[in-house]
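Colleague: just need the structure, nothing else, for what follows:
(chains A and B)
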Amino acid sequence: MIATSGRGQIAERVRKGAAGPKAGGALGVLQRMGRVRVGDVLLKVLTGVVAGGAILAMLAILVFLLRDSWPSIVYNGWHFVTSQTWNIGSLYSTAVTHRNGATAAAGASFGILPFIVGTVLSSLIAVVLAIPLAVALALLLVEYLPAKIGDSLSFMVEMLAGIPSVVLGLWGLAVLIPWIGQSFGPFLAHWLGWIPIFKGPIGSGQGLLASGIVLTVMIVPIIAASTRDVLRQTPRETKDGALALGLTRWEVIRAVSLPWASSGIFGAVVLGLGRALGETMAVLMVSGNAANYLPHNIYSPVGTMAATIVSFLDSAMSDPTHMAVHALAEVALVLFVISVVVNVPARLLLSAAARKGGVQAQ
Amino acid sequence: MSLTWRNVKDRFMLVLAAVLGLILAVPVLGMIWLVVSNALPALSLQTLTQVTVGTSGGIANAIVGTFYLVFLGILIAAPLGIAAGVFLGEIAPASRFAAVVRFTTDVLAGVPSIVIGYFGYVTMVLGLGWGFSTLAGAIALALIGIPYVVRATEIALSKVPRGMREASMALGAPLTTTVWRVSLRAAAPGVLTGVLLAISLAIGETAPLIYTAGYSMYMPKLALTHSPIGYLTYVVWTFINEPYKSLNALAYAAGFLLLLFIVLVNVIARRLIKRATA
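Modeller: Below is the predicted model:
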């Protein structure tokens, strides 16, 4: 089944630019040769369908979460994101509450403002702490350390990004929480207590600060690895030129590398932020899983959206009206929308930075 | 080099970068020490070969469960991810459709794993009526791993020299042969690295499995649906909060095994990259 074109036809195709410079890869080569076979078409269609599956998966996630949370959206309205009370209602009576045509257990009310605030604040603490650590680490890897050591350290950084969050949670429970509760918390309260958010009470150590620190450990490797990739693409000639002019190494970093990489570093940071917003297990283990009130200082127990989806599952499944489960679906929906809103600009910035360096984004 | 203000500043910044950049070693080494020192007393043959009974026994059910879930998950993720990667890197790299897919895949990689888990709960556990099951868990893990396989495959393919493809085509090989025997073969180490990355991620996942795989104290059954399955990360999460020393020790043992598996997978991946670039 070979459909071979004559020589003249190939030449004509090339003249017409049927396969312009855009058509890369094996298919581009074939097109220039003017040959098409059934197996090849099949390969093209099959891989194309599978590739399209990614778009389908994103749409399916959106549609199913929307469908499952619809009763909660109807029942709670905007109240869902502005109210502080999460109450699945009285399950001990058969009474129910109707609102906007949706039914929930008597007196049920679902508000996730404390979880939104807990998620945003713990992630912000993580990002603020992680930026200097990650950028310093990336500078060590690219600019300061000899290539051989930097290479090994690079490998370890990538491995760190793969530490299971529950194992990090173990460390948070056994080491970090007692340290914050007994040493670091009192220390902060003593020296920074004049700033309202650092004033006690400190409590057990479970809470916002512990969540923020655990998230920091999780996202530093992610931000550092992406920053390293961006920094590596700084044009060699510009850096050498600056050194030749007598600039010190720090001045070269300050005047050439960092400005050149800035948008890419920003993209890396937002990528880390996205990871922090969605992290579940480590936060679940150290946050204290509070509900129904807003944190009053940096030591307050908090709940995050991701952790709540896990910690409230059992209680939600006991609701015979299923409204509590629908409300959890809406938490997942809000989290999904936030993650897309955060990841889209991050990816755009990173791929723009990669294009600038003429290399494909990792 | 005279010690001018500029040189002092340069040295200071080097020290600052070293301190800030390496401070992460404190929690990481602390974590490794914590897990290893608490796990070693609990690592016995009984831990590795018996299932949990009450407050004693072992975590064999979770070890086997983790392997089973990850194996099935990769069995789904690898072919799909590689196929999509071939499309992006080999079939239509410059098309608008490929650009959209590429971008969507990246955003999909950023979707929180708990959201994927809830999606699996709604569609498979409830929607298809599978209940908490091995297949639901494996598909959730596959959804999380696929974006990494896709990107690794595409990047590995983009590094295959164009001349190799042209030579294959010039010999009259069809596209399928060129992709399978030339491009993918040359890109194999990179593709495999992506698969190993997906394996390492899948080993450490918890949140999506709670909602899809459930948990079971018994040895995993071969049945794909209607049968919950145990896994190591769940042991770490729940046993550490139990009031029994024996269960706490099992939690550390599970954490140790997780770290061990992930280090192994990463070391293998690094070997592959080294061999490919050497």
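Colleague: in the stretch 51-200 of chain B, what residue lies closest to chain A?
Modeller: As assessed by CB to the nearest CB, chain A sits closest to residue B:112 within the stretch 51-200 of chain B, at 2.5 Å. Every C-beta, even on glycine, is put in place using the N, C-alpha and C of the backbone.
Colleague: how about the backbone phi and psi for that residue?
Modeller: Backbone torsions for residue B:112, taken as degrees, to the nearest 10, come to phi -60, psi 140.
Colleague: is it true that it touches residue A:306?
Modeller: Yes: using CB atoms under 8 Å, residue B:112 makes contact with residue A:306 at a distance of 5.6 Å.
Colleague: can you list residues touching both of these two?
Modeller: Applying CB atoms under 8 Å, 6 or more residues apart in numbering or on different chains, one finds that residue B:112 and residue A:306 are jointly contacted by A:277, A:278, A:279, A:280, A:335, B:207.
Colleague: which ones among the residues you listed are found in strands?
Modeller: Of the positions in the shared contacts of residue B:112 and residue A:306, not one sits in strands, assigned by DSSP state E.
Colleague: show me the contacts for residue B:133.
Modeller: Residues in contact with residue B:133 (CB under 8 Å, 6+ apart) are B:124, B:125, B:212, B:213, B:214, B:223, B:224, B:225, B:226, B:227, B:228, B:229.
Colleague: higher neighbour count, residue B:112 and residue A:306?
Modeller: It is residue A:306, of residue B:112 and residue A:306, that has more neighbours when counted by other CB atoms under 10 Å in any protein chain shown, with 28 against 25.
Colleague: what's the burial count for whatever residue of the stretch 151-300 of chain A ends up closest to chain B?
Modeller: Closest residue of the stretch 151-300 of chain A to chain B, CB to the nearest CB: residue A:278 (2.5 Å). Other residues near residue A:278 come to 27 when the count uses other CB under 10 Å.
Colleague: leaving out the residues flanking it, which one is nearest to it?
Modeller: residue B:112 (2.5 Å; CB to CB, 6 or more residues apart in numbering or on different chains).
Colleague: which element is the closest residue to residue B:125 other than its chain neighbours on?
Modeller: Leaving aside its sequence neighbours, residue B:125 sits nearest to residue B:136 (CB to CB, 6+ apart; 5.5 Å). Residue B:136 belongs to helix B:134-158 when assigned by DSSP states H and E.
Colleague: avg pLDDT for the helix or strand following that helix?
Modeller: Downstream of helix B:134-158, the first helix or strand assigned by DSSP H and E is helix B:162-170. Per-residue pLDDT over helix B:162-170 has a mean of 89.
Colleague: how about stretch A:147-159?
Modeller: Averaged across stretch A:147-159, pLDDT comes to 89.
Colleague: pull out the buried residues from that stretch.
Modeller: For stretch A:147-159, a neighbour-count test (16 or more other CB atoms under 10 Å in any protein chain shown) marks A:150, A:153, A:154, A:157, A:158, A:159 as buried.
Colleague: show me which of the residues you listed is closest to residue B:102.
Modeller: Using CB to CB, residue A:158 comes nearest to residue B:102 of the buried residues of stretch A:147-159, at 21.7 Å.
Colleague: surely that closest one touches residue A:222?
Modeller: No: assessed by CB under 8 Å, residue A:158 is found out of contact with residue A:222, at 9.7 Å.
Colleague: what stretches of the chain score poorly on pLDDT?
Modeller: With no chain named, the answer covers chain A. Along chain A, segments meeting pLDDT under 70 span A:1-24, A:27-36, A:357-362.
Colleague: that was the other one, I meant chain B.
Modeller: B:1-2, B:278.
Colleague: tell me the angle of the lengthiest helix in chain A relative to helix B:134-158?
Modeller: As assigned by DSSP state H, the longest helix anywhere in chain A is helix A:38-76. With axes from the mean of the first three to the mean of the last three CA atoms, to 10 degrees defining the directions, helix A:38-76 sits at 130 degrees from helix B:134-158.
Colleague: and the strands in the chain?
Modeller: Let's take chain A. A:3-4, A:35-36, A:86-87, A:96-99, A:102-105, A:109-110.
Colleague: wait, chain B was what I had in mind.
Modeller: Going by DSSP E, chain B shows strands at B:52-53, B:56-57.
Colleague: look up phi and psi at residue A:201.
Modeller: When read as degrees, to the nearest 10, the backbone of residue A:201 gives phi -70, psi 150.
Colleague: residues contacting the spatially closest residue to it that is not a sequence neighbour?
Modeller: Counting by CB to CB, 6+ apart, residue A:299 is the residue found nearest to residue A:201 once chain neighbours are left out, at 7.2 Å. Counting by CB under 8 Å, 6+ apart, residue A:299 makes contact with A:180, A:185, A:200, A:201, A:202, A:203, A:205, A:207, A:208, A:209.
Colleague: of these, grab the buried ones for PyMOL.
Modeller: The PyMOL command for the buried members of these (criterion: 16+ other CB under 10 Å) is given here:
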select buried, chain A and resi 180+185+202+203+205+207+208+209
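Colleague: nearest to residue A:83 among the contacts of residue A:299?
Modeller: residue A:208 (20.6 Å).
Colleague: and the closest residue to the closest one other than its chain neighbours, bridged to which residues?
Modeller: Residue nearest to residue A:208 in three dimensions, not counting chain neighbours: residue A:302, with 5.0 Å by CB to CB, 6+ apart. Residues in a beta bridge with residue A:302, per DSSP bridges, are residue A:288.
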